[in-house]
Structures are given as structure tokens and as C-alpha cells.
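Student: Following is a predicted model, sequence given first.
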Amino acid sequence: MPLLIIPFLILTLFLGPLFQSFGYPCTIGAMFLIGASTVYDLRRLGKDDIPILVSSVLMIVSMIWAYSICDGLAIGTIVYSALMVAMGRWREVHPAMYVMTVVLTAYLFMINTLG
């Protein structure tokens, strides 16, 4: 498997700067499609599971506000973990999710503090 990934990694070294040259007008279409597909899937969520519903809605809204899919996913993950702990359902969450919550909280803190 690593032998399959290495050529693509090397290829990204050369193609990365090319794709970084595309600005916001080029990426808004992809963000719109991801948001539309997420809203479409939102109607299938169970209305009785509050942590999933609230974190999903906040994830979609924060993607739009931050112009960043990564930041939206981070906020949704943090809110989900916090709500599961607040509702006393912390045992239902995998420990790796709590590790990701700490990492993503540090990421958002550093992005907002250090610029």
C-alpha cells in the first residue's frame, strides 16, 4: 500500500502549488455542493438524537461562516463531544473522538490566536 501512495505524494509536491493558485471563486462551487449534499442528508437524521442534530446543523453553518470545510468539521466534532458529555452519554463516544476533540480544539485555538 505505501508503494501506491508514494507516487501520489510526490505528484502533490508538483501539483500542490498549481491548485493553490485557485482562489475563493474557484472553491465556492465545491463548498456549495458539499453543503447542499449535507443539507440533503440532514433531513434523514433522527430528530430525537439532539447531539447529532445540533452538531450537524452547527457544522453546516460554521462551514459557511468560516469559508472552510475543515473548520466546520472541527466545530461539529467539538460540539458533538461536548453535548454527549453534557447529556451524560460520554460512554457512547469512542475515546479516539475525545482525542480528536482535543486536537481540533487546539487547532482552532492556534488558527484564531496565531493567525
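Tutor: Received it, and whenever you're ready, just let me know what you need.

Student: Quick one: residues contacting the spatially most central residue of the chain.
Tutor: A centroid search over the chain (C-alpha atoms, centre = their mean) returns residue 73, at 1.8 Å, as the residue closest to the centre. By C-beta atoms under 8 Å, 6 or more residues apart in numbering, the contact set of residue 73 is 59, 63. (Glycine included, C-beta is placed from N, CA and C.)

Student: repeat that with 7 Å
Tutor: Going by C-beta atoms under 7 Å, 6 or more residues apart in numbering, residue 73 touches residue 59.

Student: before we move on, what about residue 50?
Tutor: Neighbouring residues of residue 50 by C-beta under 7 Å, 6+ apart: residue 83.

Student: same check, this time on residue 72
Tutor: Residue 72 makes contact with 59, 60, 62, 63, 66 under the criterion C-beta under 7 Å, 6+ apart.

Student: try residue 56
Tutor: Counting by C-beta under 7 Å, 6+ apart, residue 56 touches 42, 45, 76.
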